[in-house]
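K.L.:
all I have is the shape, not the residue letters:
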DNA sequence: ACCCATGATGGGTGCTCACCCACTAATTTG
DNA sequence: CAAATTAGTGGGTGAGCACCCATCATGGGT
């Protein structure tokens, strides 16, 4: 039982570490799947935001997702290159660009959601359905508290 | 109620995303605190491993923490520079280096543990004591399943 | 003694990520 | 109408991370 691979128990006792490590595993696995499609996690987030909230001014998308406006521009470049989103100048304020989800974007979003669900099933495999639900509830509380800010 | 900062609900419904985001928050906050001491997360992990398992051959430390041996050498350089660890050649096998935690190292470990606990309290603030315990149990299951490998 | 394997180390690479600044075009303010 | 502000864009930077290889000293096997 002298497992040379065992992590230090004093670390795994810290929820901070468990969160960090399991979160990283989730992130890494999902990112790997997305990378097969030459996409990153932000692409998914952007598509999801457009689907949930409808067309957005580009700037507001960046604010909502807490991402740098210049990075947002790059992500939209990539999505637009595959016709996943439309970018049109707002005629009322020609500085602004309104971003809209295309049908192809909706299809892609569905596929990415499925990937995320698959990763969830991988990672949460040792948990029962009840436990998965518990975990989701607990993490939701934590997450909304985080985004609400201190 | 039109919170322009609200994240897409279709994402927060995915446990994968909650894990990833909360884990990242935990990691980032802890890393920021460590950075104030010019340390990174690995330094904590190394100190914890030495405390939990006692003196280690350097190579075995690397295996245990699943880190590249050459990176381990650099981390130990930094810890040794502040006398947090002792590195002595094993007289029986003079290729090996035995790494030992010093008293100063133990002190530092205590401080880093306290930082981790503080971050935990920040992040888990919205949860009751019972819920925190639940979360820890659930994450432990997930984590051991992850490290055990499929 | 010789050859090969092993432990430690230094150096370097490629990637992601989160920033930050400069610039242009368009709009609002005074 | 001039000046300040805002939206989007392109470019670059620095940190962290996970690698990988070459080298050197040592030890073990035959």
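P.N.:
That came through fine. Since this is a predicted model, take the numbers as computed values, not measurements.
K.L.:
in chain A, which spans are strands?
P.N.:
Secondary structure of chain A, counting by DSSP state E: strands at A:56-57, A:85-89, A:97-101.
K.L.:
got the ones you listed as JSON lines, with distance to DNA strand D columns?
P.N.:
Heads up, the C-betas are built off the backbone N, CA and C, glycines and all. Below are the strands of chain A laid out as JSON lines (distance: least, C-beta to the nearest atom of the strand, whole Å):
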{"stretch": "strand A:56-57", "distance to DNA strand D": "5"}
{"stretch": "strand A:85-89", "distance to DNA strand D": "6"}
{"stretch": "strand A:97-101", "distance to DNA strand D": "4"}
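K.L.:
closest to residue B:90 out of the ones you listed?
P.N.:
strand A:85-89 (60.3 Å; C-beta to C-beta).
K.L.:
where does chain A have low pLDDT?
P.N.:
Within chain A, the stretches with pLDDT under 70 are A:1-5, A:149-150.
K.L.:
mind running it again at 80?
P.N.:
A:1-6, A:148-150 (pLDDT under 80).
K.L.:
tell me the residues of it that contact DNA strand D?
P.N.:
Contact residues, chain A versus DNA strand D (C-beta under 7 Å from any atom of the strand): A:57-59, A:62, A:69-71, A:73-74, A:76-77, A:87, A:95-97.
K.L.:
give me the subset of these that lies in helices.
P.N.:
Per DSSP state H, helices hold the following members of the residues of chain A next to DNA strand D: A:58, A:59, A:62, A:69, A:70, A:71, A:73, A:74, A:76, A:77.
K.L.:
contacts only, for the closest residue to the third one other than its chain neighbours.
P.N.:
Leaving out its chain neighbours, the residue that sits closest to residue A:62 by C-beta to C-beta, 6 or more residues apart in numbering or on different chains is residue A:72, at 4.1 Å. Contacts for residue A:72 were tallied using C-beta atoms under 8 Å, 6 or more residues apart in numbering or on different chains; they are A:46, A:58, A:61, A:62, A:65.
K.L.:
burial check on the nearest residue to the first one once chain neighbours are set aside, number of neighbours?
P.N.:
This means residue A:46. Distance criterion C-beta to C-beta, 6+ apart; nearest residue to residue A:46, sequence neighbours excluded, is residue A:75 at 5.8 Å. Residue A:75 has 20 neighbouring residues, counting by other C-beta atoms under 10 Å in any protein chain shown.
K.L.:
re the thing from before, list buried residues within the residues of chain A next to DNA strand D.
P.N.:
A:58, A:62, A:76, A:97 (16 or more other C-beta atoms under 10 Å in any protein chain shown).
K.L.:
could I get those residues as a markdown table with distance to residue A:33?
P.N.:
Formatted as a markdown table, these follow (distance: C-beta to C-beta, whole Å):
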| residue | distance to residue A:33 |
| --- | --- |
| A:58 | 27 |
| A:62 | 25 |
| A:76 | 21 |
| A:97 | 29 |
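K.L.:
farthest-apart pair in those residues, please.
P.N.:
Using C-beta to C-beta, those reach their maximum pairwise distance at A:62 and A:97, which is 11.3 Å.
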